[in-house]
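return a 3D structure for these sequence lines:
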Amino acid sequence: MTLLIFGFVSSPIWCPGQVPQPAQDSTAPAAASPPDAASPAPAASPAPVDVEPTPIPARSYVYRTQNSEAIADYEADSAVVRRMVDDLVMAATGQPTVSSAWGSLVKPSDVVGIKVCANGAPLFSSHPAVVNAIASGLATAGVPAQNIVVWDREERLLKAAGFRSKNAGYRLMWSEGNYDPKAVITSAVLGKLIYGDLLFTAKAPDTLRGEFRAEPVVPDKKRAGSIDNLSDESHLSSVLTRVVTKVINVPVLSDNAYCGLSGALFNMTIQNLDNWRRLVQAPINGDPSIPEAYADPRIGDKVVFQVMDGLIALYAGAPLGDANYAIHFGTLYASKDPVAMDAVALRRIDEWRLGAQMEPASKTSRYLQTAFSYGLGNADLSKIEVVDVR
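Have a look, this model is predicted:
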């Protein structure tokens, strides 16, 4: 079933110091409140329970800022990007200062994860300039550098993207080789295990890689990959389950050859799992595996904010990337609603693809409508307000 989204979206302008007002015939935006606790993540995560649909806000808000000077020849201007990120977080939270804005999302005692997408590095991944701006903002809110963690799947891609492990204002970690044997997500679809998947290696690391150390994980010897390395299990990243307590999700504005969109939902689910290929390859294409995984409280409950990196937009060729389909877009999006932000991104990608006489990405990304039906956010563009931040 092809996802078709219709509707007109208004684009009011927000300026610093102004609290965005909902339309008269709509309710104020509602977002899930982050938990009050700031304690370390437990060593063993409880098994997920069946998720009941939750009420979706009458309207969702996606904040957008664009600056042609933010990037040129694939090089981001850090000062311009810093202002863009600062303006977005103040607009999205309705706070007058950068410190109060980030302080409304996290506490100094939180271990805050910044989940980037390093696929397509170095040209098409989340940009260090965006992440540095977020880390600096968190620092103004009192979060110490040792409590800020930047991570994705592979060390190699993270470093190719320009993320550093020393003197960067954050800790750098990666999931590969560090999957949690006690945080299992099962699916009826079997997947071929490869090197890096937990059950393929049949071995867990003594410690998390990176600078942040935690208690060693011990694999369950009763759960082993079959002799032909087929498994219906995926394991969550230990960084997500055992280290961070809150997450700022920083996906890219990009299509995806497997599931149509490399957006906010994809970045928190597929990018945090081993044995992931089975969940996005045809005919599944992430539906319903992506929304089912995001509905798992071990994933979705930790995310408090999304900043989508659209400095470079990629409307075809992802996840590896192809410069023939890349646009210097100079745009960032922010929202507390991951589904709404993905819906806005998907519409923009479809416009580019249709202009290039390609099939719309929405034909593959059916999982977004399923996420809407699960109550994870708004996918109906008529209920999403895009607010331009100047």
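
phi, psi for Arg164 please.
Per-residue torsions, Arg164: phi -110, psi 150 (degrees, to the nearest 10).

what is the burial count for it?
Per other Cβ atoms under 10 Å, the neighbour tally for Arg164 reads 14. (C-beta placed from N, C-alpha, C; glycine too.)

from Pro144, how far out is it?
Per Cβ to Cβ, to the nearest Å, Arg164 is found 17 Å from Pro144.

and if you look at Ala118?
With Cβ to Cβ as the criterion, Ala118 and Pro144 are 24 Å apart.

the more surrounded of the two?
For Ala118 versus Pro144, neighbours defined as other Cβ under 10 Å are more numerous around Ala118 (27 against 12).

tell me the secondary structure at that one.
The assignment at Ala118 comes out as coil when based on DSSP: H, G, I helix; E, B strand; the rest coil.

residues contacting the closest residue to it other than its chain neighbours?
Leaving aside its sequence neighbours, Ala118 sits nearest to Leu157 (Cβ to Cβ, 6 or more residues apart in numbering; 3.8 Å). By Cβ atoms under 8 Å, 6 or more residues apart in numbering, the contact list for Leu157 reads Ala118, Asn119, Ala121, Ser125.

would you mind checking these for buried ones?
Ala118, Asn119, Ala121, Ser125 (16 or more other Cβ atoms under 10 Å).

am I right that the third one is in a helix?
No - note on Ala121: no helix contains this position according to three-state DSSP, which reports coil.

can you dump the C-alpha atoms of stretch 152-159 in CSV for me?
Output of stretch 152-159 as CSV, limited to C-alpha atoms (Å, rounded to 0.1, in the frame of the first residue of the first chain):
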residue,chain,number,x,y,z
ASP,A,152,26.4,5.6,15.7
ARG,A,153,27.0,2.1,14.4
GLU,A,154,30.6,2.1,13.1
GLU,A,155,33.8,3.7,14.4
ARG,A,156,35.2,3.9,10.9
LEU,A,157,32.3,6.0,9.6
LEU,A,158,32.1,8.2,12.6
LYS,A,159,35.7,9.2,12.2
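
so which elements touch the helix or strand hosting Ser254?
For Ser254, the enclosing helix or strand under DSSP states H and E is strand 252-256. Where contact means 3 or more Cβ pairs under 8 Å, 6 or more residues apart in numbering; DSSP states H and E, strand 252-256 is packed against strand 303-314, strand 326-335, helix 338-355.

averaged pLDDT, the next helix-or-strand element following it. What do you get?
Counting by DSSP H and E, the next helix or strand C-terminal to strand 252-256 is strand 260-261. In this model, strand 260-261 carries a mean pLDDT of 98.

give me the next element, helix or strand, following strand 260-261.
Using DSSP H and E, the next helix or strand after strand 260-261 towards the C-terminus is helix 264-268.

helices or strands up against that following helix?
Helix 264-268 packs on strand 246-250, helix 289-295, strand 303-314, helix 338-355, helix 367-373, going by 3+ Cβ pairs under 8 Å, 6+ apart.

relative to strand 326-335, how tilted is the shortest one?
Following axes from the mean of the first three to the mean of the last three Cα atoms, to 10 degrees, one obtains 150 degrees for the angle between strand 246-250 and strand 326-335.

what about Gly177, neighbour count?
Neighbours around Gly177, by other Cβ under 10 Å: 18.

ok, the contacts of Leu157 vs Leu368, which is closest?
Asn119 (18.8 Å; Cβ to Cβ).
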